[in-house]
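Q: need a 3D model of the sequence below.
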Amino acid sequence: MPSDHYENPLITRYASKQMSQLWSDQKKFTTWRRLWVALAEAEQELGLPVSDDQIAELKAHVDDIDMETANRYERQFRHDVMAHVHTYGDACPTAAPIIHLGATSCFVTDNTDLILLRQSLQLTAQRLAAVIDRLARFAQQHRDLACLGFTHLQPAQPTTIGKRACLWAYDLAMDLAEVEHRIERLKARSIKGTTGTQASFLELLAGDHDKVKRLEHRVAEKIGFQATYAVTGQTYSRKIDAQIVDVLSGIAQSAHKMATDLRILASRKEVEEPFETSQIGSSAMAYKRNPMRSERICSLARFAISLQSSTANTLATQWMERTLDDSANRRLVLPQAFLAVDAVLVLCQNIASGLVVYPNVIARHLNEELPFMASENL
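A: Numbers count the residues shown, from 1 in each chain. Predicted structure coming up:
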């Protein structure tokens, strides 16, 4: 049946199931609960009154989230984090008093985002590596197949099909290096309090600065990070988001260039993307072999590139320790940037795995220009 509400085509048509699941509500809210468990464990280890039974109860209810109850609380409180604090507390009555102890909302929201950003970057790195591998195989296979090179989209000196594929692969390899750099540089926000001063945790731990530092690093380690950001406001700096989406934009730029080249080559009938036996090129012109996948890459890549300015503007317009005008924008931009680039890379891998080359057409086009090329040496 057709849906009676809008559904994001990045989910329904384009991105992979793996990336979609990373940005799902279930993933987000179970990560919130894992953060509350990590906080409770670390607080107990540093002497705060948190019992083993309370921690066991929290762990037993990490995954069974009553979304109907959470939604009801959110309508009442107009606050998503407090809605889930109460929902978790209903499921864990013994542990309810120590859930979110000393924390602010950004303890769960920002640390969850950093976890999801890292996992999404890791999946993106895998996709990039797969595309580079397929292009490398293609380049090796066609390294000696001479073809006409183009500058200014005009015939120039010869190159080879393999060499041209290396242009695409090298751009993506640079993108992969940037992704890996961002993964390595990501840190936890951990426990920073309402304005980044950790005041609430200093109060909980009787002004013991050393214990607060230990609490910060224990929480970070429990959620998989070896380091924390030294300075934050209420949130981690939105420069982190801008840097990551900048990398995603770079991937989209590289993919757009590759797909555009393939569209030009398809129009010259030299190289084509895979074309299924039952695929229809046009409803009116059945003979057409439209480069549909390459066109889709360009379309999705333009969207991903456009999101770069949004994260830059969000960073630029954060006032003092934070303003909430980042929230709605980030809910849209961060998932969709990853979903769009994921869809682009899935298409790139599919195309690179099945490129069709027409050597006779390539040779004919090259031979037609040979007399003009020879004039360079006259």
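
Q: only C-alpha atoms for contact and neighbour calcs from this point on.
A: Fine.

Q: any idea how far residue 16 lies from residue 207?
A: Residue 16 is 48 Å from residue 207, where distance means Cα to Cα, to the nearest Å.

Q: what residues sit buried inside stretch 64-80?
A: Neighbour counts using 16 or more other Cα atoms under 10 Å place 65, 69-71, 73-74 of stretch 64-80 among the buried residues.

Q: and stretch 325-337, by the same measure?
A: For stretch 325-337, a neighbour-count test (16+ other Cα under 10 Å) marks 326, 330, 333-337 as buried.

Q: also stretch 91-107?
A: By neighbour count on 16+ other Cα under 10 Å, the buried set for stretch 91-107 is 91-92, 95-96, 98-107.

Q: and the contacts of it?
A: With Cα atoms under 8 Å, 6 or more residues apart in numbering as the test, stretch 91-107 has contacts from 36, 39-40, 50, 53-55, 57-58, 61, 81, 85-86, 88-90, 189-194, 200-201, 204, 234-235.

Q: rerun that using 6 Å as the cut-off
A: The contact list for stretch 91-107, computed with Cα atoms under 6 Å, 6 or more residues apart in numbering, reads 54, 57, 89, 193-194, 200-201.

Q: who wins for neighbours among these?
A: Counting neighbours by other Cα atoms under 10 Å, the top entry in these is residue 201, with 24 neighbours.

Q: that residue: which element?
A: In this assignment (DSSP states H and E), residue 201 forms part of helix 199-204.

Q: what would the buried residues of stretch 64-80 look like in a markdown table with distance to residue 289?
A: Listed next are these as a markdown table, based on distance: Cα to Cα, whole Å:
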| residue | distance to residue 289 |
| --- | --- |
| 65 | 49 |
| 69 | 52 |
| 70 | 50 |
| 71 | 49 |
| 73 | 54 |
| 74 | 51 |
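
Q: burial of residue 360, as a residue count?
A: 10.

Q: let me redo that: residue 229
A: Counted by other Cα under 10 Å, the residues lying close to residue 229 total 14.

Q: neighbour count winner among residue 16 and residue 207?
A: More crowded of residue 16 and residue 207, by other Cα under 10 Å: residue 16, with 17 against 13.

Q: look up phi and psi at that one.
A: Backbone geometry at residue 16, expressed as degrees, to the nearest 10, gives phi -80, psi 160.

Q: and if you look at the one 5 residues further on?
A: Main-chain torsions, residue 21, degrees, to the nearest 10: phi -70, psi -30.

Q: distance of it from residue 339?
A: When residue 21 is compared with residue 339 (using Cα to Cα), they lie 10 Å apart.

Q: of these two, who's got more company?
A: residue 339 (27 against 13).

Q: could I get the pLDDT score of the more buried one?
A: If you check residue 339, the pLDDT there is 98.
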